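# Prediction below, plus the sequence it came from.
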Amino acid sequence: MTTTNEQQISLATLIIAAAQTNGTASFYRLKVEIPKKIMLTASDWAPSTTRNGEPMWHQLIRNIKSHSVNDGNFIAEGWLEHVPRVGYRITAAGRRYLAARKP
C-alpha cells in the first residue's frame, strides 16, 4: 500500500499555516488537521517502529525540518519557516506560492 509523501504533508502544512491569524501552524494543530485535509492510508496510520504510540505519518511532519536543505523542501524553497518547539510559519513567498496554485 502506498503512503502519503512529504510533499503532500508539506502542502497541507502550508495551507493550515496560511489559515492561522499569526501564520503559524503548531505541531499539535497539524496532527489534528492534516487528517482532515489528506486521506491518509492504512500504512500512514501504522504504529511507528521508533516512536512508541505514534503513527508513521507524524514523522513526515518532522521531516519538513529534517530535510530542510533538500531541493523541493518547503523550507528550502522559502515557503515555510521552522518555529522551534512550536511548528511551522508560512512566509510571504509561501503565500504567493499558494495564491499561484489557485485557478
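Sure thing, it's come through.

# drop to CA atoms for contacts and neighbour counts, all remaining ones
Will do.

# Tell me the gap between the longest helix along the chain and the middle of its chain.
Ordering each helix of the chain by length in residues (DSSP state H) puts helix 6-18 first. Going by C-alpha atoms, centre = their mean, to the nearest Å, the spacing between the C-alpha centre of helix 6-18 and its chain's C-alpha centre is 4 Å.

# same for it, what does it pack against?
In terms of contacts (3 or more C-alpha pairs under 8 Å, 6 or more residues apart in numbering; DSSP states H and E), helix 6-18 is packed against strand 24-26, helix 27-37, helix 57-66, strand 87-90, helix 92-101.

# Of those, flag the one that's most buried.
Mean neighbours per residue, mean count of other C-alpha atoms under 10 Å, is largest over these for strand 87-90, with a mean of 24.

# Render the CA-only coordinates of that strand in PDB, please.
Output of strand 87-90 as PDB, limited to C-alpha atoms (Å, rounded to 0.1, in the frame of the first residue of the first chain):
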ATOM      1  CA  GLY A  87       5.600  24.200  14.400                       C
ATOM      2  CA  TYR A  88       5.900  26.000  11.100                       C
ATOM      3  CA  ARG A  89       5.200  29.500   9.900                       C
ATOM      4  CA  ILE A  90       4.200  30.400   6.300                       C
END
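
# neighbouring contacts of it?
13-14, 17-18, 23-27, 79-83 (C-alpha atoms under 8 Å, 6 or more residues apart in numbering).
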